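Colleague: let's see this in three dimensions:
(2 chains)
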Amino acid sequence: MYRNDALGGALIFLFGALTVYLSLKMPLGTFRAAGPGLFPLCLGILLLVLSSIFTLATGLRLRQDERREGKPAEGTGSVKPVLGFMAVIAFAAGFLEHLGYAPTASIVVMALLQILGGSYWRRNLVISLAAGAVSHFLFVRWLQIPFPQGVLGL
Amino acid sequence: MLESLQQLAGGFGIATTLPNLFYCLTGAIVGTLIGVLPGIGPIAGIALLIPATFSLNPTSAIIMLAGIYYGAMYGGSTTSILLNVPGETASVITCIDGYRMAQKGRAGPALAICAIGSFIAGSIGLLGLVAFAPPLARAALAFGPAEYFSLMVFGFIVLSNVTGASLLKSLMMALIGLIIGTIGLDPVKGDARFTFGSMSLLSGIEFVAVAIGLFGIGEVLSNVEKTAVLLDGKVLVPRLRELFPSLEDLRKSIKAMLRGTLIGFGVGLVPGPAPVIATYAAYMAEKRISKHPEEFGQGAIEGVAGPESANNAACQAAFIPLFVLGIPFAPPTAILLGALLIHGVTPGPMMIKESPELFWGVIASMYIGNFILLLLNLPFVPLFANILRIQKRILLPLVILFCITGMYSVNNSVFDIWVMLLFGGIGFMAGKGKFEGAPLLLGLVLGPRMEVAFRQSLMISHGDFSTFADRPISLAFLLATALFLIIPIFRLGLKRPGKGGASKGPAPTN
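Modeller: Residues are numbered from 1 along each chain as shown, chains lettered A, B, ... in the order given. Below you'll find the model as predicted:
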């Protein structure tokens, strides 16, 4: 828990530092006539201060914890399916315009179903084809949302 | 008050037109489904369905989206009672006694009391809205940029104080949201900020993408990470004839419903995740008042009636700051603010005068929506419960497909899907570290308004910061903010050394 916190705090610190750096590159103006960089600069500085306090406090607690109990227990569950899901969404974003909506929808559902239950591939195929067809008729034909048609024109 | 009642009657006239009744019914049913289905909550649900309202007039659109909001709250209770899985965070408390009742074969009365309690709370909440909204709108006319800025600061501090595991974490998330809100064109001078030359970023980060990412994709990813055993669950489905509560149940519940309504309405008016706090406060109040506190946790019907009424009343009261001040105090109303802006309506003190048909129409539709939920949901409980039988391993991929589809249809932009994916990853990681997404979303939605208020205040005062303290209303908000900041530090000081830091214990999670 503290390890996650410390990591989160450090990342937020970096985000704050990046905000401050980029804000300083913009005109700041004065408080009377603030430039575009002033408000994000104030927010960035505030974030730096808070994340410093948080990271330091968490780091100290983490050290005390490790001394007392050895290495902290890591969370249960597998990250693999999570990464798989994210990769499939990235695939959809990358290929939606090339493949068209209905094929992308079917591929996305099939891939995600396979990630969660690979042994039922026949059932998964039926569900994914049905999902592609139903969503095509619902969103493209009925609601007339202008989805890309892709190479197959679907 | 009389004038308000007359306008409310006009609102009923608008809400009972056939198209609006249809959108209210659709919103309530879709909302219930969203609440019932795991992996998608009211925030992501409303965000996803905003594109479906593009062709509607603003009144019909908000009627439907508001229906999704309270419908989801109702649906969340169904899963709490039948499956011991809270559909929404506000339904966590309902799990305690609701699921115990279901285990004892009393799921029907528990569900019925939820519906009746929600309806009673909705009816009383309507009167509260009529009584409070117009005078508050008149008072809000005295608000200048300084007051609005201080009010938003107050809102963030209160929200951060009551959300998640620690004040610091929530404050940091709110700041990140505010910073992300500055991406795009400077609202005062029009300069591009943090766009890195990208045209897609010029209009800023799409808040719908952030909402669906944090609360839709993030939630699905958290579910996916769980082991296969957790992906399935046992559902206790009541039969239709088992749904009716006994007279004894009603007698026990009625006072709890009234108390819950009052607590919920009061809590809904202040910043923060009102339904969550309201349900918790109502439960604790019932337990404290009860002559048999030992029954709580063992299936006490008051433990369902009080929190559920409080939940609905808080949802309704949360519309007052949204409509009257133009400031949402909770993420679902922040999404509704986004929807209002998309439809060209700027909520605020003038909304009652400038868009009375929208204001009173939506308020009247909420009453009708609650009535629809009462009539429809009880007979359909077995159907909703059967939806829960769909395996999560089938449901989650379909939710992802729905998220991708909904996200693309907002702006017909693949870029938004990437943003959604990014925030989905952030939401998943944030959830592991118990960093709440709600303050981030609120920061993103309120950021541009807050910046404009901040800069306008300083422009008017020639750069003098004392303007925030010189104006009495602004000063009151700042003092209240300071109080909310000092209380946790004071509490921290009272804790024994070695007993922990800023952590406030585990927060209810889905």
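
Colleague: give me phi/psi at residue B:330?
Modeller: phi -150, psi 160 (degrees, to the nearest 10).

Colleague: burial of it, as a residue count?
Modeller: Residues lying near residue B:330 (other CB atoms under 10 Å in any protein chain shown) number 28. C-beta: built from backbone N, CA, C; applies to glycine.

Colleague: then the one 5 residues further on?
Modeller: Here the neighbour count serves as a burial measure; for residue B:335 (other CB under 10 Å) it reads 28.

Colleague: and what about residue B:112, helix, strand or coil?
Modeller: helix (DSSP: H, G, I helix; E, B strand; the rest coil).

Colleague: give me the number of residues near the nearest residue to it once chain neighbours are set aside?
Modeller: Among residues not flanking residue B:112 along the chain, residue B:245 sits closest, at 4.8 Å (CB to CB, 6 or more residues apart in numbering or on different chains). Residues lying near residue B:245 (other CB under 10 Å) number 21.

Colleague: helix or strand: which one has residue B:245?
Modeller: Counting by DSSP states H and E, no helix or strand carries residue B:245.

Colleague: what's the pLDDT at residue 128?
Modeller: Just going to use chain A. Model confidence at residue A:128, given as pLDDT, is 93.

Colleague: ah, no, chain B please
Modeller: 86.

Colleague: just the element for the residue nearest to it when sequence neighbours are not counted, please.
Modeller: Spatial nearest neighbour of residue B:128, excluding adjacent residues (CB to CB, 6+ apart): residue B:265 at 5.0 Å. Take DSSP H and E as the rule and residue B:265 turns out to sit in helix B:247-268.

Colleague: so for that helix, mean pLDDT?
Modeller: On average, helix B:247-268 scores 89.

Colleague: residue furthest from the geometric center of chain A?
Modeller: residue A:32 (38.0 Å; CA atoms, centre = their mean).

Colleague: where does chain A dip in pLDDT?
Modeller: The model of chain A has pLDDT under 70 over residues A:1, A:66-77, A:118, A:154.

Colleague: domain map for it?
Modeller: Domain assignment for chain A, taken from automatic domain parsing, gives A:2-69, A:80-142.

Colleague: redo the ones you listed as a markdown table? Include distance to chain B.
Modeller: Formatted as a markdown table, these follow (distance: least, CB to the nearest CB, whole Å):
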| stretch | distance to chain B |
| --- | --- |
| domain A:2-69 | 3 |
| domain A:80-142 | 3 |
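
Colleague: how about these in CSV, adding distance to residue B:49?
Modeller: Output for the domains of chain A, formatted as CSV (distance: least, CB to CB, whole Å):
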stretch, distance to residue B:49
domain A:2-69, 31
domain A:80-142, 12
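
Colleague: so what's the residue of the stretch 251-400 of chain B found nearest chain A closest to, chain neighbours aside?
Modeller: In the stretch 251-400 of chain B, the residue found nearest to chain A is residue B:397; the distance is 3.4 Å by CB to the nearest CB. Distances taken as CB to CB, 6+ apart place residue A:112 nearest to residue B:397, at 3.4 Å, with adjacent residues excluded.

Colleague: roughly how far apart are the residue nearest to the spatial centre of chain B and residue B:120?
Modeller: For chain B, the residue nearest the mean C-alpha position is residue B:332 (3.7 Å; CA atoms, centre = their mean). Using CB to CB, to the nearest Å, we find residue B:332 at a distance of 22 Å from residue B:120.

Colleague: hmm, the residue nearest to residue B:112 is touching residue B:111, no?
Modeller: No: in this structure, residue B:245 is not within contact of residue B:111 by CB atoms under 8 Å, at 9.2 Å.

Colleague: what's around the residue nearest to residue B:397, how many residues?
Modeller: 28.

Colleague: wait, what's in contact with it?
Modeller: A:84-85, A:88, B:396-397, B:400 (CB atoms under 8 Å, 6 or more residues apart in numbering or on different chains).

Colleague: one step back: just checking, the residue of the stretch 251-400 of chain B closest to chain A touches residue A:113?
Modeller: Yes: shown here, residue B:397 and residue A:113 form a contact pair, counting by CB under 8 Å, at 5.2 Å.

Colleague: looking at those two now, which is surrounded by more residues?
Modeller: More neighbours surround residue B:397 than the other of residue B:397 and residue A:113, with 28 against 23 (other CB under 10 Å).

Colleague: related to what we said a few turns ago, can you give the contact residues for the helix holding residue B:265?
Modeller: Taking CB under 8 Å, 6+ apart as the rule, helix B:247-268 contacts B:109, B:113, B:116-117, B:120-121, B:124-125, B:128, B:245, B:274-275, B:277-279, B:281-282, B:285-286, B:289, B:301-302, B:304-318, B:320.

Colleague: next, the angle from the helix or strand just after that helix to helix B:247-268.
Modeller: Moving toward the C-terminus from helix B:247-268, the next helix or strand (DSSP H and E) is helix B:274-289. Relative orientation of helix B:274-289 versus helix B:247-268 (axes from the mean of the first three to the mean of the last three CA atoms, to 10 degrees): 130 degrees.

Colleague: quick one: residues in contact with helix B:274-289.
Modeller: So helix B:274-289 is contacted by B:73, B:88-94, B:96, B:162, B:256, B:259-260, B:263-264, B:267-268, B:293, B:296, B:300, B:302-303, B:305-311, B:313-315, B:317-318, B:329-330, B:508 (CB under 8 Å, 6+ apart).
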